[in-house]
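**Q** this one's structure only:
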């Protein structure tokens with residue numbers, strides 16, 4: 001039995017607490033997210049959001065299969081992490097600088113991790129009111 005030499009690439013996307021790990025290989029354009037076919041995953045808005053990098057690089061992305069595992073965070077954070085992992089995977093697989101520039105011009109968040117995080121709480125019983133909020137005081 002002869003094994004085909006199938007090229008595989010791995011990419012990671014992050015957004016806040018969410019992490020998406022993508023395995024990209026040559027194929028027919030199938031996408032699986034957490035072992036669920038893309039057509040049955042999430043709602044229509046989230047599917048459209050994930051499809052953005054595929055639409056931008058349609059000629060390359062239509063010949064690739066994506067298997068993505070997303071964990072942590074919430075639904076929107078996972079969606080942004082997934083689209084980042086797809087965009088990075090397409091660039092790593094194709095090694096085309098024009099596509100990278102196209103992604104950066106469209107949305108910088110497709111390729112660059114957003115470093116913002118929630119501010120930690122600063123005690124003093126303010127856990128329900130926010131990190132720096134204090135109890136309101138009367139001036140008179």
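**A** Yep, that arrived. Please read all numbers here as calculations on a predicted model, not as lab measurements. Residues are numbered from 1 along each chain as shown.

**Q** switch to C-alpha atoms for all contacts and neighbour counts from now on
**A** Fine.

**Q** which residues touch residue 60?
**A** Residues near residue 60 by Cα atoms under 8 Å, 6 or more residues apart in numbering: 90, 94.

**Q** Sticking with it, tell me its helix or strand.
**A** Assigned by DSSP states H and E, residue 60 belongs to helix 58-61.

**Q** tell me which residues in that helix are buried?
**A** Using 16 or more other Cα atoms under 10 Å as the test for burial, helix 58-61 gives 60-61.

**Q** What segments of the protein are helices?
**A** All helices of the chain, identified by DSSP state H, fall at 44-56, 58-61, 75-94, 97-106.

**Q** Tell me which of these is the most buried.
**A** When you average the neighbours per residue for each of these (mean count of other Cα atoms under 10 Å), helix 75-94 leads with a mean of 23.

**Q** the inter-axis angle of that helix versus helix 44-56?
**A** 20 degrees (axes from the mean of the first three to the mean of the last three Cα atoms, to 10 degrees).

**Q** beta partners of the closest residue to residue 113 other than its chain neighbours?
**A** Closest residue in space to residue 113, ignoring its immediate chain neighbours: residue 14 at 6.3 Å, by Cα to Cα, 6 or more residues apart in numbering. Note on residue 14: beta-bridge partners residue 19, judged by DSSP bridges.

**Q** quick one: residue 14 and residue 105, what's the gap?
**A** 20 Å (Cα to Cα, to the nearest Å).

**Q** where's residue 32 relative to residue 101, distance?
**A** 26 Å.

**Q** gap between the residue nearest the centre of the chain and residue 7?
**A** Nearest to the mean C-alpha position of the chain, by Cα atoms, centre = their mean, lies residue 81 at 1.8 Å. Separation of residue 81 from residue 7 (Cα to Cα): 23 Å.

**Q** do the same with residue 20
**A** 20 Å.
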